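S.K.: Give me the fold of what follows.
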Amino acid sequence: MINYHAHDDASSDAAGSLLEHARAAAAAGLDELCLTNHVEILRPDGEWTVDADEAIDRLGREIEAAVATREVVPGLTLRVGAELEYRPEWVQDLERIAASLPLDYLLGSVHVVDGHNISGGADVDAYFRDRSLERAYGRYFEIVAEMVAWGGFDVVAHFDLVKRFGHRTYGPWDPSTLEAPVRKLLGAVADSNLGIEINTSGYGQPPGAPYPDPIIVRWAREAGVACLTVGADSHAPHRVAAGLERGTAVAAAAGWTTLTGFDGRRPRPVELSESPVGDAW
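M.R.: Sure, this is the predicted structure:
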């Protein structure tokens, strides 16, 4: 079992040292853990910002910490990556950070659409107010498509994150309402030789479902998307394995036969459990 989306206390929004996360992962029976701390930092005013020098220093110290942690938790394969928050004005800094560090893996994510943080914050409902679902979700996927066109990462994080709080306005989302643009976006992901993740944090959030919806995981396979990872998007040691068995079951039910791990940004197949548990659909 793998977790390719995890944050420790080197992320502004997470708690627990890398060693604590690694020990929790090993205790939960994980084979592999990839740390993916945010490159941006949270300012006192609640806004996120990128300082390339700060990020290179902070993530570099995490790479050093991983060397020591592997000695203490030898049964766990430990990787160090990063989550890159896509904003056009940040691209130059993101590229510099990625080029400056020997990272194993890069997630690309979208949290801000037209100035609104759609993943939380005081203004989250304002984004959805007076917009149809098709307009609100469609605009989010347009920004994800811009990120995919940039392509400075390996895997798209929480592909349909917009439903996390959109759920409060529109209720459960049926992806068939936007099937054409979503399939087109997945085709662009495939053409760019990128991947997507099954992010299991949604099981514990209002949608009560992973990001993306299981049908999108099937569409991704049909589109020829290059790779699929599973991540808990954990922000504390006790969450390091949350939902991973269910996420693995989603992959199997959608017809995937392997997951993907990364080493030095190079993808490699990871055996998919032959007997995943949980209700995948």
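S.K.: buried set for stretch 159-178?
M.R.: 159-167, 170, 173, 175, 178 (16 or more other CB atoms under 10 Å). For glycine as for every other residue, the C-beta is placed from the backbone atoms N, C-alpha and C.
S.K.: before we move on, what about stretch 238-247?
M.R.: Buried-residue list, stretch 238-247, by 16+ other CB under 10 Å: Arg239, Val240, Ala241, Ala242, Gly243, Leu244, Glu245, Arg246, Gly247.
S.K.: Return the residues in contact with Ile97.
M.R.: Counting by CB atoms under 8 Å, 6 or more residues apart in numbering, Ile97 touches Val39, Val50, Ala52, Ala55, Ile56, Leu59, Ala82, Leu84.
S.K.: for Pro212, same thing?
M.R.: Counted by CB under 8 Å, 6+ apart, Pro212 has contacts His158, Phe159, Asp160, Pro175, Ile196, Ile198, Asn199, Ala220.
S.K.: Serialize those residues to a markdown table and add fields for pLDDT, secondary structure and distance to Leu186.
M.R.: A markdown table is the format used below for those (pLDDT from 0 to 100; DSSP: H, G, I helix; E, B strand; the rest coil; distance: CB to CB, whole Å):
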| residue | pLDDT | secondary structure | distance to Leu186 |
| --- | --- | --- | --- |
| His158 | 98 | coil | 15 |
| Phe159 | 98 | coil | 9 |
| Asp160 | 98 | coil | 11 |
| Pro175 | 97 | helix | 11 |
| Ile196 | 98 | strand | 8 |
| Ile198 | 98 | strand | 14 |
| Asn199 | 98 | strand | 16 |
| Ala220 | 98 | helix | 5 |
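S.K.: Reformat those as TSV; add distance to Val148.
M.R.: Formatted as TSV, the contacts of Pro212 follow (distance: CB to CB, whole Å):
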residue	distance to Val148
His158	14
Phe159	10
Asp160	14
Pro175	17
Ile196	10
Ile198	18
Asn199	17
Ala220	12
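S.K.: hang on, isn't Pro88 packed against Glu146?
M.R.: Yes - judged on CB atoms under 8 Å, Pro88 makes contact with Glu146 at a distance of 7.3 Å.
S.K.: which one among the contacts of Ile97 gets closest to Ala188?
M.R.: Nearest to Ala188 out of those is Leu84 (CB to CB; 17.6 Å).
S.K.: Show me where the stretch 151-281 of the chain has its helices.
M.R.: 163-170, 179-191, 214-223, 244-253 (DSSP state H, counting those that start in this stretch).
S.K.: residues of the second one that come out buried?
M.R.: Applying a neighbour-count criterion of 16+ other CB under 10 Å, the buried positions in helix 179-191 are Val182, Leu185, Leu186, Gly187, Ala188, Val189, Ala190.
S.K.: neighbouring contacts of that helix?
M.R.: 138, 141, 144-145, 148-149, 156, 175, 195-196, 216, 219-220, 223-226.
S.K.: which among the residues you listed end up buried?
M.R.: For the contacts of helix 179-191, buried by 16+ other CB under 10 Å: 138, 141, 144-145, 148, 156, 175, 195-196, 216, 219-220, 223, 225-226.
S.K.: Would you mind putting the helices of the stretch 151-281 of the chain into JSON lines with distance to Gly231 alongside?
M.R.: Listed next are these as JSON lines, based on distance: least, CB to CB, whole Å:
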{"stretch": "helix 163-170", "distance to Gly231": "15"}
{"stretch": "helix 179-191", "distance to Gly231": "16"}
{"stretch": "helix 214-223", "distance to Gly231": "13"}
{"stretch": "helix 244-253", "distance to Gly231": "8"}
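S.K.: Many thanks, we can stop here.
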